[in-house]
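**Student:** Here is a sequence with its predicted model. Questions after.
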Amino acid sequence: MENHNQPLISVVAAVLNNEKTIQRFIDSVTQQTYPNIELIIMDGGSTDGTVDILRRNTDRITYWESKKDKGIYDAWNKALERVTGEWIIFLGADDYLRDSNVFEKIVPYLPVDNNRSTIVYAQAVVVNEKGDELEVIGRPWNQIKHIFPQIMGIPPPATLYNRQYFDTHGKFDSSFRIAGDYEMLLRELKTSDAIFIQNIILTAMQHGGISSNPENFIISLKEMRIAQKKHGYKMPGIYWIISYAKVRLRFLLWKLLGKNFTAQFLDWGRHITGKNPFWTRI
């Protein structure tokens, strides 16, 4: 029987050619002070040294496999057939748990009564390849609830799903390339609330993944519109329109003036609004 004081947390990762970061990810999970964790890694058929690293860590991983898949959401769906935990978190191999005690800190806030919410999230910090922390993301639900039907306001790698969520809503839509987690969350959060855990940075996200370059930001926003239409939001909201305009401008600058100038220009804009440099540090 599950111990509700120490519920089993399933950490799921989709991996493909991540030999530079996969060991860091594995260590961040297996070195947690919280004792009740299972780690499931779905490799999509890596051709670098990733599989060798997985083999060396077999005794630290609950389950792993290396087979071709149709993308990250297909991999996560396959992992769902293996998970046994009460709470599930989905990560990429470039992500890692920020501190060795983050699960120990977050578990007391997980609801025992699933009638409250089956979605819980904290904050994440964006890092560069050197591990420098660039920006903390994730705001309280009462600040983003009204814009969530328009843009993704929850950091995916800092989100925990109760397994009951998938019993109710099914698996991820694997036709999405980038915004499948947004579509999954819309299934519930268009009518219900998420729980935000304050003052805990759960995950570090290394900038440079599939969603990071301007072209993929455009794809992500277009996929969000597909998800919104799927859930009855026929017209784009003002927050989506503004986000799309910003990304289009960034993409245009990137193409015309190059990455370095664009990064400097964007950080100048951040400076005059009181924010720290970001784009020149990634």
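**Tutor:** That came in fine, so what should we check first?

**Student:** can you count the residues close to the spatially closest residue to residue 145 that is not a sequence neighbour?
**Tutor:** Closest residue to residue 145 apart from its sequence neighbours, by CB to CB, 6 or more residues apart in numbering: residue 193 at 7.0 Å. C-beta here means a position set from N, CA and C on the backbone, and glycine is covered the same way. For residue 193, the neighbour count with other CB atoms under 10 Å is 13.

**Student:** which residues does residue 193 contact?
**Tutor:** For residue 193, the contact set (CB atoms under 8 Å, 6 or more residues apart in numbering) comprises 117, 141, 145.

**Student:** Got phi/psi on residue 274?
**Tutor:** The phi and psi values for residue 274, taken as degrees, to the nearest 10, are phi 80, psi 20.

**Student:** ok, now residue 90?
**Tutor:** phi -110, psi 130.

**Student:** List the beta-bridge partners for residue 37.
**Tutor:** residue 9 (DSSP bridges).

**Student:** my read: residue 6 touches residue 85, true?
**Tutor:** No - because the distance of 11.2 Å does not satisfy CB atoms under 8 Å, residue 6 is recorded as not touching residue 85.

**Student:** Compare those two and say which is more crowded by neighbours.
**Tutor:** Neighbour totals were compared for residue 6 and residue 85, and residue 85 leads with 22 against 15 (other CB under 10 Å).

**Student:** secondary structure element for the more buried one?
**Tutor:** Using DSSP states H and E, residue 85 sits in no helix or strand.

**Student:** again with the one 4 residues further on
**Tutor:** With elements delineated by DSSP H and E, residue 89 resides in strand 87-92, which encompasses its position.

**Student:** got it, and residue 200?
**Tutor:** Assigned by DSSP H and E, residue 200 falls in strand 195-206.

**Student:** Report the mean confidence score over that strand.
**Tutor:** Averaged across strand 195-206, pLDDT comes to 96.

**Student:** Partner strands of it, with direction?
**Tutor:** Checking strand 195-206 against DSSP bridges gives partners strand 95-97 (antiparallel), strand 119-127 (parallel).

**Student:** what bits of the protein have low per-residue confidence?
**Tutor:** Counting by pLDDT under 70, the chain has low-confidence residues at 1-4, 114-115, 208-212.

**Student:** so where do the helices sit in it?
**Tutor:** 22-30, 50-56, 72-80, 102-106, 141-144, 163-169, 180-189, 214-230, 238-257, 259-272 (DSSP state H).

**Student:** any chance of those in JSON lines, plus mean neighbour count and distance to residue 206?
**Tutor:** Formatted as JSON lines, the helices of the chain follow (neighbours: other CB atoms under 10 Å; distance: least, CB to CB, whole Å):
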{"stretch": "helix 22-30", "mean neighbour count": "20", "distance to residue 206": "9"}
{"stretch": "helix 50-56", "mean neighbour count": "17", "distance to residue 206": "15"}
{"stretch": "helix 72-80", "mean neighbour count": "22", "distance to residue 206": "15"}
{"stretch": "helix 102-106", "mean neighbour count": "19", "distance to residue 206": "17"}
{"stretch": "helix 141-144", "mean neighbour count": "14", "distance to residue 206": "23"}
{"stretch": "helix 163-169", "mean neighbour count": "15", "distance to residue 206": "26"}
{"stretch": "helix 180-189", "mean neighbour count": "21", "distance to residue 206": "17"}
{"stretch": "helix 214-230", "mean neighbour count": "18", "distance to residue 206": "15"}
{"stretch": "helix 238-257", "mean neighbour count": "14", "distance to residue 206": "20"}
{"stretch": "helix 259-272", "mean neighbour count": "14", "distance to residue 206": "17"}
